[in-house]
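**Student:** pasting the sequence and the predicted coordinates here, then a few questions.
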Amino acid sequence: MSDNDKKKQTIKCPTCGEKVSEDVKTFPFCNKQCQLVDLNKWFKGDYKISRPIEQADLDEV
Ligand SMILES: [Zn+2]
């Protein structure tokens with residue numbers, strides 16, 4: 001058995017670019033700070049939703 005077999009999946013934190021292991025609680029963010037930064041982007045409207053959310057979208061069940 002080699003250590004490579006145990007290698008965990010890592011991605012880059014969307015906020016700061018640090019490597020993040022998938023077993024981190026705040027995955028895909030490296031920590032809560034980065035998670036909040038991303039959340040704030042949403043609130044500020046940096047991410048645009050392609051169309052307004054309609055009531056039909058919310059009634060999924
Ligand atoms: Zn980060």
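**Tutor:** The structure has been received and is ready for your questions.

**Student:** enumerate the residues of the chain near the ion.
**Tutor:** The interface of the chain toward the ion, taken as CB under 5 Å from the ion, is made up of 13, 15-16, 18, 30, 34. Where you see a C-beta, it was placed from the backbone N, CA and C, and this is true even at glycine.

**Student:** excluding chain neighbours, what is closest to Lys32?
**Tutor:** In space, Lys32 comes closest to Thr26 once its chain neighbours are excluded; the distance is 5.6 Å by CB to CB, 6 or more residues apart in numbering.

**Student:** in this structure the one you found contacts Cys34, no?
**Tutor:** Yes: with contact defined as CB atoms under 8 Å, Thr26 and Cys34 form a contacting pair (7.3 Å).

**Student:** Phe29 contacts Asp38, correct?
**Tutor:** Yes: in terms of CB under 8 Å, Phe29 counts as a neighbour of Asp38; the distance is 6.5 Å.

**Student:** all strands for the chain, in order.
**Tutor:** 10-12, 19-21 (DSSP state E).

**Student:** can you redo the ones you listed as a markdown table with mean pLDDT and mean neighbour count?
**Tutor:** Output for the strands of the chain, formatted as a markdown table (pLDDT from 0 to 100; neighbours: other CB atoms under 10 Å):
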| stretch | mean pLDDT | mean neighbour count |
| --- | --- | --- |
| strand 10-12 | 95 | 13 |
| strand 19-21 | 95 | 14 |
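
**Student:** the ones you listed: which one's closest to Lys44?
**Tutor:** Closest to Lys44 of the strands of the chain, according to CB to CB: strand 10-12, at 22.2 Å.
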